[in-house]
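Colleague: Predicted structure and sequence below. I'll ask about it afterward.
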Amino acid sequence: MSPRRRRRRSGPGKGNELPVVLGVLVAIGLLLVKVAQWALVNWWVLVVLGLVVLLMLVGWIYRGIGRMRSAQLRSQGLSYSLGQLDAMHHTTFEDAIRDLLARDGSRDALRCGGRGDLGADVKGHDPLGRLWVLQCKHRKAGLDGSAVGTPALQTLNGTGRPVHKGDVVVMVTNGRISRPAQAFAREQRLHLVDRPLLEQWALGARPLWEILPSIPPPRKPPLGR
């Protein structure tokens, strides 16, 4: 007897694969057409989303630059003498205060002084999450210059916490602060960095939050706890 020839059987559904694939491709094509039609009508949504992504990217890059800059200033042991600070232009003085804050560990220290600064020349968070808002008053004559008076402190008090949401609000000067202004600062829980304290901060290795008394508690627990 001749052996029976075995017939090859096709696998289950093997002949139906092509229609399924075509159906999927057609569905994807229709979806892409719908998306394109929606995008043409709602193009402004895509623009807004693109701007949001761009702002997030810029913020991420800025924070990265701030972290590297802060680490560089700490490693260099940045310091200033009173003579150097006295000789500065008032905008350069603000830059120096920003750099000292960054040297202390503020990764987002920013000079924001200028027209419309609303009483804040420098802002930045310390390593424990507190936001510092600093107003800078530069005196070329140092102690011989005019004293920082109560009106300047009133301006800072009116914006430091309500507008800038600062946890620590500070007046910094290379000169002196009048006695009425000192009394006002104590009443309103404002912190003062006058010439002697500025020298201690600018020349020393201790951060400002370790020098000033009565600093509010941190927003987050110290690292390692």
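Modeller: Nice, thanks for sending it over.
Colleague: next helix or strand past the lowest-mean-pLDDT helix or strand in the chain?
Modeller: Least confident helix or strand of the chain, by mean pLDDT, DSSP states H and E, is helix 43-76 with a mean of 67. Toward the C-terminus, helix 43-76 is succeeded by helix 82-86 as the next helix or strand (DSSP states H and E).
Colleague: Centre of the chain to that next one, how far?
Modeller: Taking CA atoms, centre = their mean, to the nearest Å, one finds helix 82-86 lying 28 Å from the centre of the chain it belongs to.
Colleague: In that helix, which residues are buried?
Modeller: The neighbour-count check on helix 82-86 (16 or more other CB atoms under 10 Å) flags Leu82, Leu85, Asp86 as buried. Just so you know, the C-beta spots here come from the backbone N, C-alpha and C atoms, and that holds for glycine as well.
Colleague: just the CA coordinates of that helix, formatted as CSV?
Modeller: Extracted in CSV, the C-alpha atoms of helix 82-86 (Å, rounded to 0.1, in the frame of the first residue of the first chain):
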residue,chain,number,x,y,z
LEU,A,82,34.8,95.9,53.5
GLY,A,83,37.0,98.0,51.3
GLN,A,84,36.0,95.9,48.3
LEU,A,85,32.3,96.2,49.1
ASP,A,86,32.6,100.0,49.6
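Colleague: tell me what that helix is packed against?
Modeller: Applying 3 or more CB pairs under 8 Å, 6 or more residues apart in numbering; DSSP states H and E, one finds that helix 82-86 makes contact with helix 195-203.
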